[in-house]
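> sequence first, predicted coordinates after that:
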There are 2 protein chains.
Amino acid sequence: MSVKISSKEQVESIFDKYEYFLFDCDGVIWLGDHILPKVIETIGLLKSLNKIVIFVTNNSSKSRNDYVSKFEKLGIKGITKEEIFGSSYAAAVYVDKILELPKDKKVWVLGEHGIEQELSELGYTTIGGTDPKLIENGVGFDPESPFLTDLDPEVGCVVAGLGLTLNYLKLSATLQYLLKDNKSLPFIATNIDSTFPMKGKLLIGAGSIIETVAFASGRQPDAICGKPNQAMMDGIKEVNPNLKKNPSRGLMIGDRLNTDMKFGREGGLDTLLVLTGIETESNVLAQEKQVAPTYYADKLGDFYELTK
Amino acid sequence: MSVKISSKEQVESIFDKYEYFLFDCDGVIWLGDHILPKVIETIGLLKSLNKIVIFVTNNSSKSRNDYVSKFEKLGIKGITKEEIFGSSYAAAVYVDKILELPKDKKVWVLGEHGIEQELSELGYTTIGGTDPKLIENGVGFDPESPFLTDLDPEVGCVVAGLGLTLNYLKLSATLQYLLKDNKSLPFIATNIDSTFPMKGKLLIGAGSIIETVAFASGRQPDAICGKPNQAMMDGIKEVNPNLKKNPSRGLMIGDRLNTDMKFGREGGLDTLLVLTGIETESNVLAQEKQVAPTYYADKLGDFYELTK
């Protein structure tokens, strides 16, 4: 059964035991645009102890650069791009390192700026995505749009993720690429979260959007890059050789049992669930032993509060 | 094995055998906005023989009134509302007759004008749907939209279908109603076609849109109203008592094996597949005996051409 963190001694023993602290962001560090209590102090404390912090997020609408700005804006200073792993970055790395898509091929994007920026940083040209010509300005759908009729022969891959500017044209154009050449273009999903928590509501998640084009094309994604998929963990371990060698030196902290905790556990890390996000204490305590988080806490800021 | 219609004698024996001729529209009567060859003459011939013609369509974006206008515009004169069964009408009838939703309850619509109009004709107030306040004019998604935060307590049902003006707000607002009150509001799908053929392309179908909100809410529709579901056939038989008594007096004509032919067969009718739509001759001939169409023909207009 998961151990609740409620004393200074427990926190100190965690500081002794782990070198790597991996964090989910939304529900752990912040809720939307509001930083959670004593998070700044807790991150500061970990850094003062020379711990390695890594932020792992499934939100593909932002790039790592966007996240650097968000951390700064919320008052968490000095977080670098290298400390952030987002599903848009993971998808771009997958296209580059696993698919080895030639750089003269283009990538069709169903999603936002974050995916485009990460692919662009790796040298790819993207089409679709946030192209304003795909926005219909409320004038209705044009079935003769060139996005449907003149497919770009240089597209070599489709990457799909969260898109708040979704419309019928974007979905239908994506479908054309998924059906093209006997359904042979690789189909990469940033993540498959069914919902996207925002301002206290559950909105449509990347997984539900991807489900639309998957159902229409009769295909499933060839790869899923976000948590709990281990492709993301493998990428993190690649740049942190000590974690790769000793995953038990790492602690994954998150607010979702079926993504964050699964992600950490399957990567060989210990896990800590915070109750500031989507799960309740009774959910945590109802978990069977083999999938229960190692620890749980009311909030991440307890690390700081309990040690003062 | 399916019999190919290729002689005057075969056509005359069909005219003798059947009293009711049920037609799918797209791929049989027209392709998009183009009427198929000799269809006007074939319908005229059937009417001159006092046959009962019924048009059955899964396209929920149009109401029966819209279809009356479309038939007229394409030169098929004198088709009445009573001869048309659309999935939007079937959904409205389901809400009224099966759910028996009180008329002071509202219906949240994910879809177009067709659904709104049919529900309105049966005395219901709809919200959502084509409300221009749900169109975002390309300015981006507003997570504080009242459609997400102020759910209408009078909504008693959700009807979802095809929507070419789909966006993230419409999907996410629909999700709020599907999650509301412990997921207890009835969830009605007009149809679940995965794709929507238009101008020679396969676009996103109602079923793929419904899949998005189904996946996000963790729910499946409580009822599916379009072909091949027999709720639609039951409605047709209700107003055609002779067909109800003798379904073998009816012939279902369509262009899709897995919707039209299944719909006719499971309703006890004989079936005829035309090759002007989505299927090929080799597809038809590859069907196992128990699901093969009774007949197939190159096109509906062959009825007229072969008898002249």
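Looks like it came in fine.
> point out the residues in the stretch 151-300 of chain A that sit beside chain B.
Neighbours of chain B within the stretch 151-300 of chain A, by Cβ under 8 Å from any Cβ of the partner chain: A:163-168, A:171-172, A:175-176, A:179, A:194-195, A:198-199, A:201-205, A:207-209, A:211-213, A:215-216, A:218. Every C-beta, even on glycine, is put in place using the N, C-alpha and C of the backbone.
> now the residues you listed: which count as buried?
Burial by neighbour count, judged by 16 or more other Cβ atoms under 10 Å in any protein chain shown, picks out A:163-168, A:171-172, A:175-176, A:179, A:194-195, A:198, A:201-205, A:207-209, A:211-213, A:215-216 from those.
> in strands, which of these appear?
With strands taken from DSSP state E, the overlap with those comprises A:195, A:198, A:201-204.
> any idea which helix or strand comes after the helix ranked longest in chain A?
When chain A is parsed with DSSP state H, its longest helix is helix A:168-183. Next in sequence after helix A:168-183, counting helices and strands by DSSP states H and E, comes strand A:187-189.
> could you pull out the helices for the stretch 101-250 of chain A?
In the stretch 101-250 of chain A, the segments counted as helices under DSSP state H, counting those that start in this stretch are A:113-121, A:146-149, A:168-183, A:206-217, A:230-239, A:241-245.
> which one of these has the lowest average pLDDT?
Between these, the one with the least mean pLDDT is helix A:230-239; it has a mean of 88.
> who does that one touch, helix- and strand-wise?
Applying 3 or more Cβ pairs under 8 Å, 6 or more residues apart in numbering or on different chains; DSSP states H and E, one finds that helix A:230-239 contacts strand A:52-57, strand A:84-86, helix A:87-93, helix A:241-245, helix A:262-266.
> in what helix or strand does residue A:67 lie?
Here residue A:67, judged by DSSP H and E, is contained in helix A:64-73.
> what lies in contact with that helix?
Identification of contacts with helix A:64-73 by Cβ atoms under 8 Å, 6 or more residues apart in numbering or on different chains yields A:25, A:55, A:57, A:62, A:77, A:79-81, A:84-86, A:89, A:113-114, A:117-118.
> buried stuff in stretch A:189-198?
Neighbour-count burial for stretch A:189-198, counted by 16+ other Cβ under 10 Å, picks out A:189-198.
> can you give the strand pairings for the helix or strand encompassing residue A:271, parallel or anti for each?
Secondary structure from DSSP H and E places residue A:271 in strand A:270-274. Strand pairing for strand A:270-274, using DSSP bridges, gives strand A:250-254 (parallel), strand A:295-297 (parallel).
> quick one: neighbours of the residue nearest to residue A:269 when sequence neighbours are not counted, just the number.
Take residue A:269 and drop its neighbours on the chain: the residue closest to it by Cβ to Cβ, 6 or more residues apart in numbering or on different chains is residue A:250, 4.0 Å away. Residues near residue A:250, counting by other Cβ atoms under 10 Å in any protein chain shown, number 26.
> for residue A:250, give its distance to residue A:244.
As judged by Cβ to Cβ, to the nearest Å, residue A:250 and residue A:244 stand 10 Å apart.
> before we move on, what about residue A:232?
Using Cβ to Cβ, residue A:232 is found at 14 Å from residue A:244.
> which of these two has more neighbours?
A direct count of neighbours by other Cβ under 10 Å for residue A:232 and residue A:244 places residue A:232 higher, at 27 against 16.
> need the contact list for the more buried one.
Neighbour list for residue A:232: A:56, A:85, A:87, A:90, A:225-226, A:263 [criterion: Cβ under 8 Å, 6+ apart].
> what do you get for residue A:242?
Contact analysis of residue A:242 by Cβ under 8 Å, 6+ apart lists A:19-20, A:249.
> what about residue A:21, which SS state?
Here residue A:21 is recorded as strand under DSSP: H, G, I helix; E, B strand; the rest coil.
> for it, give me the pLDDT.
On the pLDDT scale, residue A:21 gets 98.
> that one and residue B:202, how far apart?
48 Å.
> residue A:27 now?
38 Å.
> same thing with residue A:38?
In terms of Cβ to Cβ, residue A:38 sits 53 Å off from residue B:202.
> which outside residues touch stretch A:273-292?
Residues contacting stretch A:273-292 (Cβ under 8 Å, 6+ apart): A:1-2, A:24, A:26-28, A:31, A:36, A:197, A:253-257, A:260-262, A:265, A:293, A:295-300.
> domain parsing of chain A, as residue ranges.
With domains defined by automatic domain parsing, chain A comprises A:3-58+A:228-307, A:101-224.
> so where's chain A shaky on pLDDT?
Where chain A drops to pLDDT under 70, the residues are A:136-140.
> skipping adjacent residues, who's closest to the most far-flung residue of it relative to its centre in space?
Of all residues in chain A, residue A:144 has its C-alpha farthest from the mean position, at 35.0 Å, by Cα atoms, centre = their mean. Computed as Cβ to Cβ, 6+ apart, the closest residue to residue A:144 that is not its neighbour in sequence is residue B:199, at 6.5 Å.
> mind listing what that neighbour touches?
Residue B:199 makes contacts with A:143-144, A:148, B:32, as judged by Cβ under 8 Å, 6+ apart.
> a markdown table for these, including distance to residue B:47?
Below are these laid out as a markdown table (distance: Cβ to Cβ, whole Å):
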| residue | distance to residue B:47 |
| --- | --- |
| A:143 | 32 |
| A:144 | 35 |
| A:148 | 37 |
| B:32 | 24 |
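> list just the nearest of these to residue A:51.
Closest to residue A:51 out of those is residue A:148 (50.9 Å), distances taken as Cβ to Cβ.
> from chain B, how far off is the closest one?
Computed as Cβ to the nearest Cβ, to the nearest Å, the residue A:148 to chain B distance reads 6 Å.
> before we move on, what about residue A:247?
According to Cβ to the nearest Cβ, residue A:247 and chain B sit 32 Å apart.
> returning to that earlier point: the domains of chain A: which one's closest to residue B:158?
Smallest distance to residue B:158 across the domains of chain A (Cβ to Cβ): 14.6 Å, for domain A:101-224.
> how much distance is there from the closest one to the middle of the chain?
Computed by Cα atoms, centre = their mean, to the nearest Å, the chain-centroid distance of domain A:101-224 equals 17 Å.
> just the endpoints, please. Distance across it?
Start-to-end span of domain A:101-224 (Cα to Cα, to the nearest Å) is 17 Å.
> check contacts around residue A:296.
Taking Cβ under 8 Å, 6+ apart as the criterion, residue A:296 is in contact with A:2-5, A:272-275, A:281, A:284.
> same question, residue A:161
If you count contacts by Cβ under 8 Å, 6+ apart, residue A:161 has them with A:60-61, A:87-88, A:91, A:110-112, A:114-115, A:189-191, A:206, A:209-210.
> return the distance of it relative to residue A:110.
7 Å.
> anything in contact with each of the two?
Common neighbours of residue A:161 and residue A:110 (criterion: Cβ under 8 Å, 6+ apart): A:209-210.
> one step back: which one of the contacts of residue B:199 has the most neighbours?
Neighbour counts for these peak at residue A:148, which has 20 neighbours (criterion: other Cβ under 10 Å).
> nearest to chain B, of the contacts of helix A:64-73?
Nearest to chain B among these, counting by Cβ to the nearest Cβ, is residue A:113 at 11.5 Å.
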